[in-house]
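**Student:** sequence and predicted structure, then a few things I'm wondering about:
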Amino acid sequence: MGGPASIMSAGAEMEIVVQGDTIPVIEQDTSQNLDIGQATIEPFGLSALLDIQSDTNAAVPLVIRGKALQENGRVVEGSAVLRATTQFNYLPKPHVLVPGGWVPLALSPVHNFLIDRNILSLLEQLHAGRSNARLERIEWWCQHLDRPSVLLNPLPIAWEGDKGQIPSFSDIRHALDNARATLAGIFPKARTVPFDQNTYEAINTEIQATRVRQEKESEFLQEVCPKYLANTVARGQRRSIFDEILALAIDKDLQPFSIVMLCVFSSHYRSSEKAKYSIGHALLKPKQNYSEMMAHNALSDLRHFEVAALATGLFIDPPALITDDTALTALWSTLRPHGYVQGSSLGMQLDIDPALFVDLDSRDAENLALILQKYSRQ
């Protein structure tokens, strides 16, 4: 777990201060001290994310699990589960995407982080002396990265590119070299993942292997976003338009169960009420003049999602993606992915929360479930 960090627990009237993997808890009413060792924070989900996003002072449920207990200095047998409601001193962004949900950076059980171009850009602005409310927040949370135990990996930057298209080998190498140098300058105590010629070639091979799929998905988004997703659709027209979207996807050889299609369906089944957050719509940002660059940016976010998800099945201690993108965190929290290795192939399992589709009636829900079940088996 990261630290030190202080968060106020509103429900149990106690202050929780995180140091390493031990959480000393002082009950203010009774002055009882309970040290919870080997402590982990249960990941937050979509509801906590949206509550905090709409009200930075929102109190959200906090669950801490741990062992190695001490009460007033006396060792106690067993384990503990601490439940409280919590308010954060700072809006808890960026988020760390972990199996099952997200956690604030200072409370992350992971010390191995994937860094994307957005986070790197914000850090560069801080390092250059710029200041605003967003950068102040980023500075407070990201101070927890400057530790010897932290390993920083800018791999997502290679996937994203900076020219609105799939990067070349030289683009990849240049981007990663610059990112590593920048991170080392900003966080001198942390470690950065080393890359050699073999690593660059392996990364390039993986990225180029996605080229055909990326081009198909980009063409699909450039057609479907302005035509079907830019405006909300009347309930009576949803089924016919859904069928048109599905037919277009199949015509472009896209899997209806893919991440990009789930985002498209999420946007399609959104509510006309702006207060109801549509994850797919927020991530794809469909407009009437949807450009190739807009499609590239959305697909880059989804590639980051896939890299982080697949990593959970590849490594015992997988890296976790740090993101300042609320929509990406919401998608992660509703799909709850877990990677796996089967023979020489990588894959991911999804545990889809119906909250991904905010305005789905029972008939549409049954139809969508049948479609997803059919294609998930293929």
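**Tutor:** Perfect, I can see it now. Keep in mind that what you see is a predicted model, and the values were worked out from it rather than measured.
**Student:** from Q143, how far out is the closest residue to R191 other than its chain neighbours?
**Tutor:** Distances taken as CB to CB, 6 or more residues apart in numbering place L151 nearest to R191, at 5.0 Å, with adjacent residues excluded. Every residue, glycine included, has its C-beta placed from N, CA and C. From L151 over to Q143 the distance is 17 Å, taken as CB to CB, to the nearest Å.
**Student:** do a quick rundown of the helices in the protein.
**Tutor:** 46-54, 117-127, 133-142, 155-160, 169-186, 197-209, 211-224, 235-251, 259-268, 279-284, 292-314, 326-335, 362-376 (DSSP state H).
**Student:** format those helices as JSON lines; extra columns: mean neighbour count, mean pLDDT and distance to G101.
**Tutor:** Formatted as JSON lines, the helices of the chain follow (neighbours: other CB atoms under 10 Å; pLDDT from 0 to 100; distance: least, CB to CB, whole Å):
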{"stretch": "helix 46-54", "mean neighbour count": "17", "mean pLDDT": "92", "distance to G101": "8"}
{"stretch": "helix 117-127", "mean neighbour count": "18", "mean pLDDT": "93", "distance to G101": "19"}
{"stretch": "helix 133-142", "mean neighbour count": "16", "mean pLDDT": "91", "distance to G101": "17"}
{"stretch": "helix 155-160", "mean neighbour count": "24", "mean pLDDT": "88", "distance to G101": "19"}
{"stretch": "helix 169-186", "mean neighbour count": "17", "mean pLDDT": "94", "distance to G101": "26"}
{"stretch": "helix 197-209", "mean neighbour count": "14", "mean pLDDT": "91", "distance to G101": "27"}
{"stretch": "helix 211-224", "mean neighbour count": "18", "mean pLDDT": "94", "distance to G101": "26"}
{"stretch": "helix 235-251", "mean neighbour count": "14", "mean pLDDT": "91", "distance to G101": "29"}
{"stretch": "helix 259-268", "mean neighbour count": "25", "mean pLDDT": "95", "distance to G101": "17"}
{"stretch": "helix 279-284", "mean neighbour count": "25", "mean pLDDT": "96", "distance to G101": "14"}
{"stretch": "helix 292-314", "mean neighbour count": "20", "mean pLDDT": "92", "distance to G101": "13"}
{"stretch": "helix 326-335", "mean neighbour count": "24", "mean pLDDT": "96", "distance to G101": "5"}
{"stretch": "helix 362-376", "mean neighbour count": "14", "mean pLDDT": "76", "distance to G101": "22"}
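**Student:** show me what contacts Q222?
**Tutor:** By CB atoms under 8 Å, 6 or more residues apart in numbering, Q222 lies in contact with 290-292, 295.
**Student:** quick one, what contacts R238?
**Tutor:** Counting by CB under 8 Å, 6+ apart, R238 has contacts 268-269, 364.
**Student:** centre-most residue in the protein?
**Tutor:** The centre of the chain sits closest to T329, judged by CA atoms, centre = their mean, with a distance of 3.7 Å.
**Student:** counting neighbours, what do you get for the closest residue to that one other than its chain neighbours?
**Tutor:** Distances taken as CB to CB, 6+ apart place H95 nearest to T329, at 4.4 Å, with adjacent residues excluded. H95 has 28 neighbours, counted by other CB atoms under 10 Å.
**Student:** let's number from 216 now, not from 1
**Tutor:** Okay, using 216 as the starting number, the last item reads as H310.
**Student:** is it true that H310 touches A545?
**Tutor:** No. With contact defined as CB atoms under 8 Å, H310 and A545 do not form a contacting pair (9.6 Å).
**Student:** identify the contacts common to these two.
**Tutor:** Common neighbours of H310 and A545 (CB under 8 Å, 6+ apart) are L264.
**Student:** ok, back up a step: how close does the residue nearest to R406 get to R388?
**Tutor:** L366 is 20 Å from R388, by CB to CB.
**Student:** same check, this time on N327
**Tutor:** Counting by CB to CB, the gap from N327 to R388 is 22 Å.
**Student:** with A274 instead?
**Tutor:** Counting by CB to CB - A274 and R388 are separated by 47 Å.
**Student:** what of V439?
**Tutor:** Applying CB to CB to V439 and R388 gives a distance of 34 Å.
**Student:** T541 now?
**Tutor:** For T541 relative to R388 (CB to CB), the value is 32 Å.
**Student:** then P471?
**Tutor:** Counting by CB to CB, the gap from P471 to R388 is 36 Å.
**Student:** how about T397?
**Tutor:** Where R388 is concerned, T397 sits at a distance of 15 Å (CB to CB).
**Student:** circling back to that earlier point, can you tell which of the helices of the chain is closest to V556?
**Tutor:** V556 lies closest to helix 507-529 among those, at 5.6 Å (CB to CB).
**Student:** any idea how far the closest one is from the middle of the chain?
**Tutor:** 10 Å (CA atoms, centre = their mean, to the nearest Å).
**Student:** how about stretch 414-422?
**Tutor:** That offset, for stretch 414-422, works out to 23 Å (CA atoms, centre = their mean).
**Student:** can you show me the strands along the stretch 216-365 of the chain?
**Tutor:** 220-224, 229-233, 238-242, 248-256, 275-286, 289-291, 295-302, 310-313, 316-319, 327-330 (DSSP state E, counting those that start in this stretch).
**Student:** before we move on, back to that, would you list the contacts of R453 in CSV and tack on distance to I456?
**Tutor:** Output for the contacts of R453, formatted as CSV (distance: CB to CB, whole Å):
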residue, distance to I456
H483, 7
Y484, 11
D579, 11
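**Student:** and of these, the nearest to A321?
**Tutor:** Y484 (35.5 Å).
**Student:** make sure that closest one is actually in contact with D574.
**Tutor:** Yes. Under the criterion of CB under 8 Å, Y484 makes contact with D574 at 5.6 Å.
**Student:** of the two, which one has the most company?
**Tutor:** Y484 (22 against 16).
**Student:** excluding its backbone neighbours, what's nearest L335?
**Tutor:** A394 (5.9 Å).
**Student:** show me what contacts that neighbour?
**Tutor:** 330, 335, 369, 372.
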